[in-house]
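Asker: Here is my input, please return the structure:
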Amino acid sequence: MTATGELTYRRVHRASPELLFDCMTTPEHLANFWGPAGTTTPVGNIVIDLRPGGVFETTMVSDADGSTYTMRAVFVEVRRPDRLVWIEADVEGGMRTTITFVDLNDGCTEVITHQTNVPAAYLSAEARTGFTTSLDRFDVYVAALNAEPEHQQG
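Answerer: Numbers count the residues shown, from 1 in each chain. Below is the predicted model:
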């Protein structure tokens, strides 16, 4: 068995926990930012059955060569707007991702992504950088939503 590790990423967004939770669980939102820079995830490539035991599947497409990478997971916990947990059984050891949405009560929400049973390949600097570019894309997407009048937070 390969050694596994854990990773934690933290970001603060000027948005409500509800909006951020919905961005992470709605194909129409996810298609705008899911995956590292250099990939796209068409809305038709996203399956979400938002309930414990429900399927969460995305197929990213490389902008460079059209190759695809499918992430298959099962939701373990779905508690809008505070917490989202899924396990990728296909990943050796069953990688578990827990996303916690913490309302900072100032119009901002901290999003904490904590992954356990992370395989060594995902712990490399290159893999972590790729994941960070996905978080960067999410930052840009949320900022753009905030710029639209219908998404203004009161």
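Asker: Averaging pLDDT per element, find the lowest-scoring helix or strand in the chain.
Answerer: helix 120-123 (a mean of 88; mean pLDDT, DSSP states H and E).
Asker: Torsion angles phi and psi at the most centrally placed residue in the chain?
Answerer: Centre of the chain computed as the mean C-alpha position; nearest residue by CA atoms, centre = their mean is Met24, 5.8 Å away. Main-chain dihedrals, Met24, degrees, to the nearest 10: phi -80, psi -10.
Asker: hey, where'd the strands end up in the protein?
Answerer: In the chain, the strands defined using DSSP state E lie at 4-13, 39-40, 46-48, 55-62, 68-79, 83-88, 95-103, 109-119.
Asker: Touching the first one from outside, list them.
Answerer: Residues from elsewhere that reach strand 4-13 (CB atoms under 8 Å, 6 or more residues apart in numbering): 20, 92-93, 95, 104, 108-120, 122-123, 128, 131-132, 135, 138-139, 142. For glycine as for every other residue, the C-beta is placed from the backbone atoms N, C-alpha and C.
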